[in-house]
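Enquirer: Generate a structure from the sequence data that follows.
(one chain, ligands or ions: 1)
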Amino acid sequence: MSHVLAEAQKLSRTFGKKTVLHDVSLTLHGGTITGFVGANGAGKTTALRLMLGLLPGQGTTLFCGRPLSAWKAPAAIVGSVFGGVAGHPRHSVRAHLCMVAAGAGHTDRRADDLIDLIGMREAARTSLAKLSLGMAQRVGIAQAMIANPRILILDEPANGLDPHSIHWLRDFLRARADEGCAVLVSSHLLAEMEQFADRVAVLSKGRIVSEGPMRDLLSYADSRSAITVETPQMTELAAIVQAHGGRLQINPDHTGRITGIPRRKVGHLAADNSIVLYQLSENATTLEDFYLTIAEEEYRAR
Ligand SMILES: Nc1ncnc2c1ncn2[C@@H]1O[C@H](COP(=O)(O)OP(=O)(O)OP(=O)(O)O)[C@@H](O)[C@H]1O
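Expert: Numbering: from 1, shown residues only. Have a look, this model is predicted:
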């Protein structure tokens, strides 16, 4: 795996008497998009704000080996996006980015480069007030990119975006990761993260309940997926499935639910034993399913 660019350790935060984050640790690697997923209120924004020092709390975060405050030019280390863009509503995209560039010691040239980077040359004169959500999101991203940071942190960047904007965002973040950046993207839209992220950390009620490569989580989810069958020979099929290490339960609608055997093997077993199948389907396993399983197990453990 590529090198560690950011490391958050034991982040905790209490609001009043309620602890909303419990010892959250996260590692971000160069060249990798990490999805930070959890339901609304799980604590994602609080964790990201703590990491960036935007909110006080317990725990430490090192960016490229040091606390962010120890870097002379923190904007070259990490760029963050929380929501769209905050600026004067009557300012054009270009005027806004020129101001941001000037504030960071750059010329207008940097603003123009960023406008090209976010593909908004044609909308450069549009005022911030007239931007669509997707466009505002892009300007926010351009702002975070001002000093070409090595780490990008985005809180729910896909929230409310149309499919075209989501596609753009995915390609944009992938290109940054391919350049060696570490990218952290939070989302409650788990199915979406499946398409974005290489790694994923699942946050539930302020605790990391799972962390690892996306493909591991998906294959774990796969191993728990169930197959639905419909056959007039359910008892016979149940015995065959059991003899091959699987399990068949009858659903209330008289279909069967098979676990522990891959779908294709069920098809072959049925054919070999002359069992007529009216239906043989696999429930699509998504990160959503995985998350629900984890959340359910968490709930039962309480
Ligand atoms: N300033 C605050 N004062 C009191 N409680 C807060 C404050 N900020 C957040 N919380 C609480 O902390 C918990 C976590 O909130 P947070 O916004 O971090 O969750 P989230 O996972 O980002 O969810 P969402 O996607 O809805 O923003 C919630 O129960 C929220 O109500």
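Enquirer: Let me see the ranges of the helices in this structure.
Expert: For the chain, applying DSSP state H gives helices covering 44-51, 93-103, 108-117, 133-144, 163-178, 190-196, 214-223, 234-243, 263-272, 287-301.
Enquirer: Can you give me the distance of the residue in the stretch 51-200 of the chain that the ligand sits nearest to to His106?
Expert: Closest residue of the stretch 51-200 of the chain to the ligand, CB to the nearest ligand atom: His188 (5.3 Å). In short, each C-beta sits where N, CA and C put it, glycine included. Distance, His188 to His106, using CB to CB, to the nearest Å: 35 Å.
Enquirer: do the same with Val100
Expert: From Val100 across to His106, the span is 9 Å (CB to CB).
Enquirer: Identify the contacts common to the two.
Expert: By CB atoms under 8 Å, 6 or more residues apart in numbering, Val100 and His106 have these common neighbours: Ile146.
Enquirer: Compare these two (neighbour count), which wins?
Expert: Shown here are Val100 and His106; by other CB atoms under 10 Å, Val100 has more neighbours (21 against 17).
Enquirer: List the residues that contact the spatially closest residue to that one that is not a sequence neighbour.
Expert: Using CB to CB, 6 or more residues apart in numbering and skipping the chain neighbours, the partner closest in space to Val100 is Gln143 (5.2 Å). By CB under 8 Å, 6+ apart, the contact list for Gln143 reads Gly79, Val81, Val85, Leu97, Val100.
Enquirer: Rank these by pLDDT and give me only the lowest.
Expert: Among the contacts of Gln143, Val85 carries the weakest pLDDT, at 77.
Enquirer: so that one touches His96, yeah?
Expert: Yes: shown here, Val85 and His96 form a contact pair, counting by CB atoms under 8 Å, at 7.1 Å.
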